[in-house]
Structure formats: structure tokens, C-alpha cells
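1. dropping a prediction and its sequence here:
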Amino acid sequence: MPSFHFQKPLVLRKSNPIEVKNENEEIIGRIEKISSRISFQNNQPLYSYSNEVTHQELATLTIEIGWLGEDGSSVVYHNSDPNYDISFKEVPNSKHSLHIKGVYEQHRIDIIQTEEKGLIKILLDHADIAHIGIDKSLSGSAVMIEYTETPPLPSAFFLLSFFIIRLIKEEF
């Protein structure tokens, strides 16, 4: 099962990107904050993931108000190639400590944390495909993401999933 990890930031600043490493401790990319404000326009990214080899932006996250006619605000994942968007919202009155839902094509994506500060699971059509946890055995406090390579979701989605959670918890 492939995995990624990066140092858990207290605050992510525009001038201080986070290096992302794979299970072999190789730097595979960077996550950076692009804008320090919430924009009410489309395509104003808050977080971006770029590949270390090509230096190409693979995906971004934005906060959107009334995305595609939906009520309220949502966090939107924008994939670059192929080009598509997935809107995520918190599920109200869920039995879980955290429950975020999105839909891509015919696939339902759930991000679930059953208890506060517990392991976070990502489900695709109710199948467990990824885990996000905080690993204190690495230097400092690191975010560990283990995932199953599952079409249609690229690795950039799993890397930015931690920030989808963070934005929904802190901004809404």
C-alpha cells in the first residue's frame, strides 16, 4: 500500500511550502498555501499540490460559496489532468465525530472519523481505500496517509484530503 507523509503544520504560510515524502523517504512534491484570503470567486486556490519532478501543479483546493447552485459553502477539490472538480460538505447530524461527503461521477466519497482524534478513513462507494493518521514516531508530528491506488482518484487527492478536513473543521 503506497503511503505519504509530511510534517503537520500548525500554520501553513505562503512562503513556507510543505515537502511531501513517499514510503521510501523520497520527496515527491510540495503542498503550499496559494492565497491568504477566502475568495468568493471560482478558481482562487487556498492549497495547491505540485509534483517535485515536473514542478507542475496537479491539484488545488478552494472554498466556494454556492458552488454549482448548492446551498452554503463547500471545499472544492480541483484536479488538473484530467480536469474535474469534486465538492465536499460536512454531513449534518452524522453519528461520526467527522463525516464529509463528496460525489465524483457515480462514485460516493466519504471521509469519516468515528471518534475525536482517531484514525480518519476515506471510503469510495463504501469501500475503505485510505487512512490518515498523526504519527508522532517520526520527527515531530507528521501526517501519515496510506492509500490504495484506486481509479478514479489520483494520489494528489489523497495528499490534499488532510486539508479538505482541516478547511471544513476550521472554516465552517
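-> Perfect, thanks for sending it. Keep in mind that this is a model prediction, so the values were computed, not measured. Residues are numbered from 1 along each chain as shown.
2. and the nearest residue to residue 23 once chain neighbours are set aside, what is it in contact with?
-> Counting by CB to CB, 6 or more residues apart in numbering, residue 23 lies nearest to residue 3, which is 4.7 Å off, once chain neighbours are set aside. Quick note: C-beta positions are derived from backbone N, CA and C, even for glycine. If you count contacts by CB atoms under 8 Å, 6 or more residues apart in numbering, residue 3 has them with 22-23, 144-147.
3. cool, and residue 79?
-> 58-59, 85-86, 154, 156-157.
4. can you flag which of the residues you listed belong to helices?
-> 156-157 (DSSP state H).
5. same list, the contacts of residue 79, but as CSV with pLDDT and neighbour count please.
-> Formatted as CSV, the contacts of residue 79 follow (pLDDT from 0 to 100; neighbours: other CB atoms under 10 Å):
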residue, pLDDT, neighbour count
58, 90, 20
59, 91, 21
85, 93, 17
86, 95, 20
154, 91, 17
156, 91, 23
157, 94, 23
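6. quick check, nearest of the contacts of residue 79 to residue 102?
-> residue 86 (4.7 Å; CB to CB).
7. phi first, then psi, for residue 159.
-> Note on residue 159: backbone dihedrals following degrees, to the nearest 10 are phi -60, psi -40.
8. what's the answer for residue 166, then?
-> Taking degrees, to the nearest 10 as the convention, residue 166 sits at phi -60, psi -40.
9. can you report how many residues lie near it?
-> For residue 166, the neighbour count with other CB atoms under 10 Å is 18.
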